[in-house]
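Asks: Quick one: sequence plus predicted model below, questions after.
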Amino acid sequence: MADIANFVRGLMHRHAPSREEVLDSPWLKPFGKRIRHSELWRFTRRSVPRAVFAGLFIGIFLMVPGLQIVGAALLAIPMRANIPIAVAMTFLSNPLTTPFFLYAAIGVGTRIGFHTDLAAFLALRGESASQWIAWLLSDAAPALVSGLFLIGLGVALVGYIVSLVGWRWWVGRKWRQRFARPEEVLG
């Protein structure tokens, strides 16, 4: 487990931009000093679960790839969540998982009372964007949006709880290791 953590840390250190590089971006100038608060960039027991919640919810609810990252970062600011974690969590919805989320969202939206033809959704594979938009504007939008909202909320709550438990387990493990070390004799 420690080897995996070290590998991920090394990978992040080599490939992820530094905090200063991100903050110097011209895209972040409109947010001024608010985005520079250190609590948005530190890994704490409060900021990480909040970031997991924000990233998973926006990542599933907002199925537009570029907007997911921006939305997660914007939601992380008022939640005082860790921005890098929130952004990373949006990648749960990717080209491989998006069809499953869409199909499940339409199913959930249909079950809660919105009418949608699932056969029409399945027939849209490989169709043009205009046909997708026409289908969405017909009767699928309420079912899809409500389904994505409920699935996003559910997955985000599960992620929040798992990250809380995982954080407590990790800290407890560190404390047990610290107390399990043999006392060194000074002399």
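Replies: On my side now, so go ahead.

Asks: use CA for all of it now, contacts and neighbours both
Replies: Fine.

Asks: residues in contact with Leu92?
Replies: Contact partners of Leu92, counting by C-alpha atoms under 8 Å, 6 or more residues apart in numbering, are Leu56, Gly59, Ile60.

Asks: I'd guessed Ala143 sits against Phe114; true?
Replies: Yes: assessed by C-alpha atoms under 8 Å, Ala143 is found in contact with Phe114 at 5.2 Å.

Asks: If you count surrounding residues, which of the two has more?
Replies: Of the pair Ala143 and Phe114, Ala143 is the one with more neighbours under other C-alpha atoms under 10 Å, namely 23 against 18.

Asks: What's the local residue count around the closest residue in space to the more buried one that isn't next to it in sequence?
Replies: Leaving aside its chain neighbours, Ala143 sits nearest to Gly109 (3.9 Å; criterion: C-alpha to C-alpha, 6 or more residues apart in numbering). By the measure other C-alpha under 10 Å, the count of residues near Gly109 is 25.

Asks: again with Leu136
Replies: Neighbour tally, Leu136, other C-alpha under 10 Å: 16.

Asks: and the helix or strand hosting Leu102, C-alpha only, in CSV?
Replies: Using DSSP states H and E, Leu102 maps to helix 98-111. Extracted C-alpha coordinates of helix 98-111, given in CSV (Å, rounded to 0.1, in the frame of the first residue of the first chain):
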residue,chain,number,x,y,z
THR,A,98,-20.5,8.2,-19.5
PRO,A,99,-22.8,5.8,-21.4
PHE,A,100,-23.5,3.8,-18.2
PHE,A,101,-24.3,7.0,-16.3
LEU,A,102,-26.6,8.3,-19.0
TYR,A,103,-28.5,5.0,-19.3
ALA,A,104,-28.8,4.8,-15.5
ALA,A,105,-29.9,8.4,-15.3
ILE,A,106,-32.7,7.9,-17.8
GLY,A,107,-33.8,4.8,-16.0
VAL,A,108,-33.9,6.7,-12.7
GLY,A,109,-35.7,9.7,-14.2
THR,A,110,-38.3,7.3,-15.8
ARG,A,111,-38.8,5.6,-12.4
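
Asks: mind listing the helices for the chain?
Replies: Along the chain, counting by DSSP state H, helices occupy 2-15, 19-23, 47-61, 65-79, 83-89, 98-111, 118-122, 129-135, 141-180.
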